[in-house]
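In: Model the following, please.
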Amino acid sequence: MTTDSSLLAQAREWRVLLHSGRATAADHLAAKAWRERSPAHEQAAGEVDRLWALLGQVEQPANPRTLPPPRRRSARWAVPLASAALLLLALWLPQGAWLGWYADVATAPGEVRTVELEDGSILTLNGATALDWTLGDGRRTVRLYRGEVDLQVAKDASRPFIVEAGPARIRVTGTRFDVDYDGRDVVLAVTEGQVQASDAASQPLAVGANQQVHWRADRIQQVQPLDARQQLAWQRGKLVFRAQPLSEVFAALEHSQRQRVIFLDDSVRELKVTGVFAHDDPQAVLRAIESNLPVRLVRLPGLLLVSRG
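Out: From the prediction side, this is the model:
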């Protein structure tokens with residue numbers, strides 16, 4: 001039986017908390033209750049247990065005094081060992097951490113960078129963004145792997161400009177728009193001109209200036225009016241939240257902080273946040289959340305664990 005990926009993710013999150021040194025007795029009881037919820041939960045926990053044990057073997061070297069004399073290793077082990085290492089990286093690195101390894105340009109959290117393409121188009125990347133581009137004779141293509149980018153597209157009717165971001169396909173010849181892709185959902189916000197937007201199965205929708213559209217579960221949604229003050233606040237150095245769910249707030253913070261956020265209690269995801277903050281001060285957002293919402297934040301190196309307080 002194949003283990004559900006969402007249960008594996010939850011099992012990894014429980015494992016990280018329980019071995020963080022900060023887990024309370026209540027956390028241990030909650031983790032035990034989660035594991036015993038169903039056979040599928042038990043299977044996911046067992047798989048993570050085995051992977052954790054393997055990680056321990058990789059990370060803990062033998063005592064140098066007990067090492068046997070060096071011997072020549074067969075080359076046939078090189079590929080399996082490399083594959084195992086890549087598997088461990090894929091399972092345990094923060095989501096999207098490897099994107100910068102092969103993108104043409106990638107920004108760190110908190111970094112905003114502007115790139116001018118050979119055709120005169122200007123791309124402004126928000127933090128934690130990775131993309132590449134291809135400029136050919138018949139078309140221009142930008143592939144957004146993750147993050148957010150503002151695009152000022154140089155007009156060229158003979159070479160359409162295509163943006164690919166997960167399930168989203170966006171086609172223009174010259175305009176200005178913003179694309180935000182968190183690895184699952186996409187938001188397109190048009191500030192000038194008009195674009196054609198679609199998913200893999202739909203006919204293109206026309207999205208004009210001061211309009212926006214979302215892709216959820218790989219499908220394009222209905223066109224809506226654009227709230228530029230909120231959606232494009234990062235371009236003014238701000239973060240603006242208007243009764244936004246906590247899950248969306250932390251997704252926005254990924255652009256400005258290096259910590260990966262893990263929810264240990266799904267019920268807190270929908271708690272609402274309202275406020276205006278500086279884009280380069282994510283700690284101010286965290287302080288406001290702790291002060292005004294019934295949540296508990298546990299800070300670990302590279303991780304932020306969120307549970308009900």
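In: Show me the shaky parts of the stretch 201-309 of the chain.
Out: 301 (pLDDT under 70).
In: Going along the chain, name the strands of it.
Out: Along the stretch 201-309 of the chain, counting by DSSP state E, counting those that start in this stretch, strands occupy 205-208, 211-216, 219-220, 224-225, 238-245, 260-263, 272-278, 295-300, 303-308.
In: could you pull out the strands for the stretch 51-200 of the chain?
Out: 105-106, 113-116, 122-125, 130-135, 140-152, 161-165, 168-172, 176-181, 186-192, 194-198.
In: Tell me which of those sits most buried.
Out: strand 176-181 (a mean of 24; mean count of other C-beta atoms under 10 Å). Any C-beta I mention is one placed from the backbone N, CA and C, and that applies to glycine too.
In: now for that strand, which elements pack on it?
Out: Applying 3 or more C-beta pairs under 8 Å, 6 or more residues apart in numbering; DSSP states H and E, we find strand 176-181 packed against strand 140-152, strand 161-165, strand 168-172, strand 186-192.
In: Just put these in a markdown table and tack on mean pLDDT and distance to R236.
Out: Listed next are the helices and strands packed on strand 176-181 as a markdown table, based on pLDDT from 0 to 100; distance: least, C-beta to C-beta, whole Å:
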| stretch | mean pLDDT | distance to R236 |
| --- | --- | --- |
| strand 140-152 | 95 | 12 |
| strand 161-165 | 96 | 23 |
| strand 168-172 | 96 | 23 |
| strand 186-192 | 96 | 13 |
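In: The closest residue to A30 other than its chain neighbours: neighbouring residues, count only.
Out: Leaving aside its chain neighbours, A30 sits nearest to L264 (7.7 Å; criterion: C-beta to C-beta, 6 or more residues apart in numbering). Number of residues near L264 (other C-beta atoms under 10 Å) recorded here: 21.
In: And G275, by the same measure?
Out: G275, neighbours per other C-beta under 10 Å, totals 15.
In: Show me how the chain divides into domains.
Out: Following automatic domain parsing, one gets these domains for the chain: 5-60+79-92, 100-230, 237-308.
In: how far away is the nearest residue to A157 once chain neighbours are set aside from V195?
Out: Counting by C-beta to C-beta, 6+ apart, T173 is the residue found nearest to A157 once chain neighbours are left out, at 5.1 Å. Per C-beta to C-beta, to the nearest Å, T173 is found 9 Å from V195.
In: Repeat that for A154.
Out: 15 Å.
In: Please report how far the residue lying closest to I170 once chain neighbours are set aside lies from L144.
Out: Leaving aside its sequence neighbours, I170 sits nearest to V163 (C-beta to C-beta, 6+ apart; 4.2 Å). Between V163 and L144 the distance is 6 Å, computed by C-beta to C-beta.
In: Give me the common contacts of these two.
Out: Common neighbours of V163 and L144, counting by C-beta atoms under 8 Å, 6 or more residues apart in numbering, are V179.
In: average model confidence for stretch 123-139?
Out: For stretch 123-139, the mean per-residue pLDDT is 93.
In: Contacts for stretch 189-203, please.
Out: Contacts for stretch 189-203 (C-beta under 8 Å, 6+ apart): 167-172, 174-180, 188, 204-213, 215, 218-220, 226, 228, 231-232.
In: Equivalent analysis for stretch 255-265, please.
Out: 13-14, 16-17, 27, 30, 94-95, 108-110, 126-129, 147-148, 234, 239, 247, 250, 253-254, 269, 279-280, 282, 299, 302-308.
In: ok, the residue nearest to A157 touching F161?
Out: Yes. With contact defined as C-beta atoms under 8 Å, T173 reaches F161; the gap is 6.6 Å.
In: Mutual contacts of these two, please.
Out: Residues touching both T173 and F161 (C-beta under 8 Å, 6+ apart): V153.
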